[in-house]
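Engineer: everything below, folded, please.
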Amino acid sequence: MKVKNEEKNKKIVKKRKSELGYREMLLIADLYDLRYITTEQANRYYYIKEDGTNARIDWTYRKLNLLVKEGLLDTVLFPMNLRYRKLYYLTDAGIDRALDIRDEELFRLDLEGNLRQMYRSAAENLLDEKAIRHQLFLNEVYFSLLEALGREKFEWKDTAKSIIDESNIRLMPDATLKIMSTNYLIEADNGTFSAKRLKQKMKMYNKFLEKTKDLDEEYKVLFICNTENRKNKDKRIDSIIDVATAEIPVCATGIDFFIMSIENFRTNFYDRIYEPDIEDEKTLCETVTERLAEKMSKRYETDYKYEILYGSGIASAAIVDANHVFVIEDLTLGNIKNYQRFREAVKLAKYGQITPIAIVANEERARIEAEKLSFNPSALYYILDNEKIVGVLPDSIVEKGIS
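Structural biologist: Sure thing, here's the model as predicted:
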């Protein structure tokens, strides 16, 4: 009798496994890397109806609890925003099921092969409170990519699969986003980096990025900051930009290192980073430069190498004539390459052959950037809000004409 009951139970388990819907299979497969998920996240990204709207939250809650009852998920209460929220994570049975799903060609979630070589048990997948907060923020980056690109266009590698360890270089990005031959190393900043640790990390990135110039695959960095609950959102980002600008000089040669808020990432990654990188669309910098060059009846070039008597540099875009160069750099995405090129042009502008123009979102941002340069009169700012070029003084903003 006992043997028959065991066989019956096995059939029931097998039947239940086969009844997992496509959404549940995706959720379980993703959760191996994501580690934890809230009901709200599951509802937002996995339970979307055919008309594009989300299912009712109570319906998603019931679905998740069914997975708990089947032994695939477990829960923990976690303090978030002054109250406790239920987080879901995979059990050992859930991890085994996730690995089975990810081995199936249908899902194409592990393009490099056998994930079981780096298998983590449920106990090894658990994190402490500080690490959970960091992981939940990193998950938001992943979900933003799902919304922007869809599952088929990119490969996601978690920290364990992103470690770079060669000669005297050891980097542990929080994740790697791979699109075709471009690798975006992702750093999710929850505001916990000390100044010393941040400086050390930037120095290590400079060493690594210097080596990548000779590789077939391209490497870029996305340093994404959690600013959603911060009062001074720009202050944290600006401090990181200043450290990176000083410690990663290799970026000026043409390597993209973006430092941005999660809001900026969600809004602009597809149009402003993915499409120019992968689809070969024009960058904002090129679009603005083209517009200005047309008004001035002059030619423009991208990745322009200029040289004057007192120095030289590279401009992401430039309006050029026989006697003068207008160097134009886009600072709206926190790209260190553009900051370095702009500041180098500002240093050389005092000799009269160069006019540096930074593209910024609004006048407030122009004032912040001008203050960093002690209100250098040579620096001009193109304001996206009103499409004007201005100079910024300590007590005023003055519209400028260029010719």
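Engineer: for Leu73, name its beta-bridge partners.
Structural biologist: Here Leu73 sits in beta bridges with Leu90, going by DSSP bridges.
Engineer: what's the neighbour count on it?
Structural biologist: 22 (other Cβ atoms under 10 Å). Any C-beta I mention is one placed from the backbone N, CA and C, and that applies to glycine too.
Engineer: just checking, it touches Asp92?
Structural biologist: No. Using Cβ atoms under 8 Å, Leu73 is not in contact with Asp92; the gap is 11.4 Å.
Engineer: how is the chain partitioned into domains?
Structural biologist: 1-125, 127-281, 284-399 (automatic domain parsing).
Engineer: ok, of the ones you listed, where does mean pLDDT dip lowest?
Structural biologist: Ranked by mean pLDDT, the domains of the chain end with domain 1-125 at the bottom, a mean of 78.
Engineer: export stretch 35-44 as CSV, just CAs?
Structural biologist: Extracted as CSV, the C-alpha positions of stretch 35-44 are listed here (Å, rounded to 0.1, in the frame of the first residue of the first chain):
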residue,chain,number,x,y,z
ARG,A,35,16.9,35.6,-5.8
TYR,A,36,14.0,37.6,-4.3
ILE,A,37,10.8,39.1,-5.8
THR,A,38,7.9,41.1,-4.3
THR,A,39,4.3,40.5,-5.2
GLU,A,40,4.2,43.9,-6.9
GLN,A,41,7.2,43.1,-9.0
ALA,A,42,5.7,39.7,-10.0
ASN,A,43,2.4,41.5,-10.9
ARG,A,44,4.1,44.2,-12.9
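Engineer: sec struct for Glu301, please.
Structural biologist: strand (DSSP: H, G, I helix; E, B strand; the rest coil).
Engineer: for it, give me its contacts.
Structural biologist: By Cβ atoms under 8 Å, 6 or more residues apart in numbering, the contact set of Glu301 is Ala317, Ala318, Val320.
Engineer: where's the closest residue to Tyr32 other than its chain neighbours, which helix or strand?
Structural biologist: Nearest residue to Tyr32, sequence neighbours excluded (Cβ to Cβ, 6 or more residues apart in numbering): Ala98, at 4.3 Å. Using DSSP states H and E, Ala98 sits within helix 92-103.
Engineer: residues near Thr355, how many?
Structural biologist: Neighbour tally, Thr355, other Cβ under 10 Å: 21.
Engineer: secondary structure class for it?
Structural biologist: Once three-state DSSP is applied, Thr355 turns out strand.
Engineer: and what of Asp216?
Structural biologist: coil.
Engineer: which phi and psi does it have?
Structural biologist: Phi and psi for Asp216, reported as degrees, to the nearest 10, are phi -70, psi -40.
Engineer: gap between it and Glu228?
Structural biologist: Counting by Cβ to Cβ, to the nearest Å, the gap from Asp216 to Glu228 is 37 Å.
Engineer: just send the contacts of Glu301 back as CSV, with neighbour count and distance to Ile354 too.
Structural biologist: Output for the contacts of Glu301, formatted as CSV (neighbours: other Cβ atoms under 10 Å; distance: Cβ to Cβ, whole Å):
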residue, neighbour count, distance to Ile354
Ala317, 28, 14
Ala318, 26, 9
Val320, 17, 11
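Engineer: mind putting those residues into CSV with secondary structure?
Structural biologist: As requested, the contacts of Glu301 are exported to CSV (three-state DSSP):
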residue, secondary structure
Ala317, strand
Ala318, strand
Val320, strand
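Engineer: run a quick neighbour tally on Asp30.
Structural biologist: Asp30 has 23 nearby residues by other Cβ under 10 Å.
Engineer: one more: the one 3 residues further on?
Structural biologist: Counted with other Cβ under 10 Å, the neighbours of Asp33 add up to 24.
Engineer: can you pull out the helices in this protein?
Structural biologist: 2-18, 22-34, 39-45, 57-69, 92-103, 122-125, 129-149, 195-212, 233-247, 262-268, 275-278, 284-296, 336-349, 363-372 (DSSP state H).
Engineer: tell me how far the last one lies from the chain's centre.
Structural biologist: A distance of 24 Å separates the C-alpha centroid of helix 363-372 from that of its chain, computed with Cα atoms, centre = their mean, to the nearest Å.
Engineer: list the contacts of it.
Structural biologist: By Cβ under 8 Å, 6+ apart, the residues outside helix 363-372 that reach it are 234, 238, 242, 331-332, 358, 360, 376, 379, 381, 383, 385, 390, 392, 397.
Engineer: ok, those residues vs Tyr274, which is closest?
Structural biologist: Of all these, Thr332 has the smallest distance to Tyr274: 15.7 Å, by Cβ to Cβ.
Engineer: which residues sit in contact with the closest one?
Structural biologist: Asn268, Arg272, Leu284, Ile359, Val360, Ala361, Arg365, Leu384.
Engineer: between which two of those residues is the distance greatest?
Structural biologist: Once Cβ to Cβ is applied, the contacts of Thr332 give Arg272 and Arg365 as the farthest pair, at 15.7 Å.
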